[in-house]
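Take this sequence and fold it.
(one chain, ligands or ions: 3)
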Amino acid sequence: MQPFSKDATDEPRGPVDASVVPRFAGIATFARLPRLDEVERADIAIVGIPFDSGVSYRPGARFGPAHVREASRLLRPYNPAQDVFPFDAQQVADAGDIAANPFDIAAAVGEIEAGARQLSEHADRLVAIGGDHTIALPLLRAAHAQHGPVAVLHFDAHLDTWDTYFGAPMTHGTPFRRASEEGLIDLTASMHVGIRGPLYSKDDLADDDRLGFAIVTSEFVEEHGVAAAVERIRARVGDAPLYISIDIDVLDPAHAPGTGTPEAGGLTTRELLRMLRALADLRIVGADVVEVAPAYDHAQLTAIAASHVIYELLSAMAPG
Ligand SMILES: N=C(N)NCCCC(=O)O
Ligand SMILES: [Zn+2]
Ligand SMILES: [Zn+2]
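Residues are numbered from 1 along each chain as shown. Ligands and ions are numbered 1, 2, ... in the order given. From the prediction side, this is the model:
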């Protein structure tokens, strides 16, 4: 029933042909791509991680993967902004979801790391759809196992380098502190982009600096523009293996209302997409897009933004 186009080895490749099967028909994989079990192996596997037991405020990001897949039906094969066919240039397949224990965060984190490591045997790189930001820790553990310390380029309103919440060390506000403590990240090449809003204390910034992050604030982007922000990012990251973690709340709530801890004064979708396009020649080894919570979304705004963010990431990761 699925009229995929076939590649040279007769495998399905790229989205189902929208001129044969309307976009709104069929079960939603990301961008209507083949499933990982339909292909020999993938250059990139998209994987959902429906876990949100690490949230500090509004719950619901566990429903993010299904919501983003649903909104990704409208993506098309050619990306003129990067002059690339992201699904022709590489085999991209949807691996489904990693099942994670919703009642035991430590168990879930172990399951996510194990799931990511297992997937890495079938795909060169992973792009994960969250889920809350807790999932970045096990994903970084898996990336570190393959590449050693990675540069983390973290788009977010929040630092996510806090220590604990109610005594809990693994939450959506703490993944990058744990990752830094565990030696998973390159302390000379990591950076947050889009930071804004109230903190708990001035020490939060000093701690963050000590943990190895430079910062481009949302205000910096407004004052100096995307090109200046990109220049800072590129100077910081250099040619280190790069893991990109995108919390959708980096966008202004006007652009992405469907998220758990929204903060006023964020980036526009246009600004974020432009920044991602400017990273195409960097050594991207993996990525996640997290914190999409459909219960607070309207008209799929947040999920459409997330699906386009993933599309730009896939385009930036395409060879050539
Ligand atoms: N959305 C993420 N990742 N973090 C939210 C910040 C945690 C808090 O201060 O409540
Ligand atoms: Zn955030
Ligand atoms: Zn976050």
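
Close to ligand 1: what parts of the stretch 1-150 of the chain are there?
Ser56, Tyr57, His133 (C-beta under 6 Å from any ligand atom). Every residue, glycine included, has its C-beta placed from N, CA and C.

Among those residues, which are located in helices?
Of these, none are assigned to helices by DSSP state H.

which of the residues you listed are close to ligand 3?
Contacts with ligand 3 within these, as defined by C-beta under 5 Å from the ion: His133.

Buried ones among the residues of the stretch 1-150 of the chain next to ligand 1?
Ser56, His133 (16 or more other C-beta atoms under 10 Å).

Which of the residues of the stretch 1-150 of the chain next to ligand 1 sits closest to ligand 3?
Taking C-beta to the ion as the measure, ligand 3 lies nearest His133 of those, at 3.6 Å.

you'd agree the closest one is up against Asp52?
No - counting by C-beta atoms under 8 Å, His133 sits too far from Asp52 to count as a contact (9.7 Å).

biggest helix in this protein, by residue count?
Using DSSP H to define each element, the chain has its longest helix at helix 301-317.

what about that one, near ligand 1?
No - between helix 301-317 and ligand 1, judged by C-beta under 6 Å from any ligand atom, nothing touches; the nearest distance is 12.9 Å.

any idea where the helices of the stretch 151-300 of the chain begin and end?
For the stretch 151-300 of the chain, the helices defined by DSSP state H, counting those that start in this stretch occupy 175-181, 203-210, 218-224, 226-237, 269-277.

now for the ones you listed, which one comes closest to Pro262?
For these, the distance to Pro262 is smallest for helix 218-224, at 12.9 Å, taking C-beta to C-beta.

packing partners for the closest one?
If you count contacts as 3 or more C-beta pairs under 8 Å, 6 or more residues apart in numbering; DSSP states H and E, helix 218-224 packs onto strand 190-195, helix 226-237.

Those residues of the stretch 151-300 of the chain touching ligand 2, which are they?
Asp156, Ala157, His158, Asp247, Asp249.

For the chain, which segments count as strands?
With strands called from DSSP state E, the chain shows them at 5-6, 12-13, 42-49, 92-97, 123-130, 151-155, 190-195, 213-217, 242-247, 284-290.

quick one: Ala143 and ligand 1, what's the gap?
Noted for Ala143: a distance of 18 Å to ligand 1, by C-beta to the nearest ligand atom, to the nearest Å.

count of neighbours near the nearest residue to Gly320 once chain neighbours are set aside?
Excluding the flanking residues, the one nearest Gly320 by C-beta to C-beta, 6 or more residues apart in numbering is Ala89, at 6.2 Å. Neighbour count for Ala89, taken as other C-beta atoms under 10 Å: 15.

near ligand 3, which residues of the stretch 151-300 of the chain show up?
Counting by C-beta under 5 Å from the ion, the residues of the stretch 151-300 of the chain close to ligand 3 are Asp156, His158, Asp160, Asp247.

mind redoing it with 6 Å?
Proximity of the stretch 151-300 of the chain to ligand 3, by C-beta under 6 Å from the ion, involves residues Asp156, His158, Asp160, His172, Asp247, Glu291.

Pipe the residues you listed into a markdown table and attach neighbour count per row.
Shown next, in a markdown table, are those (neighbours: other C-beta atoms under 10 Å):
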| residue | neighbour count |
| --- | --- |
| Asp156 | 25 |
| His158 | 25 |
| Asp160 | 27 |
| His172 | 30 |
| Asp247 | 28 |
| Glu291 | 33 |
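
coming back round to it: which neighbours do His133 and Asp52 share?
Contact criterion C-beta atoms under 8 Å, 6 or more residues apart in numbering; residues shared by His133 and Asp52: His172.

Report the residue spans of the protein with pLDDT below the cut-off.
Counting by pLDDT under 70, the chain contains low-confidence ranges at 1-4, 8.

quick revisit: kindly reformat the strands of the chain as CSV containing distance to Gly266.
CSV is the format used below for the strands of the chain (distance: least, C-beta to C-beta, whole Å):
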stretch, distance to Gly266
strand 5-6, 38
strand 12-13, 36
strand 42-49, 23
strand 92-97, 28
strand 123-130, 18
strand 151-155, 10
strand 190-195, 6
strand 213-217, 11
strand 242-247, 10
strand 284-290, 15
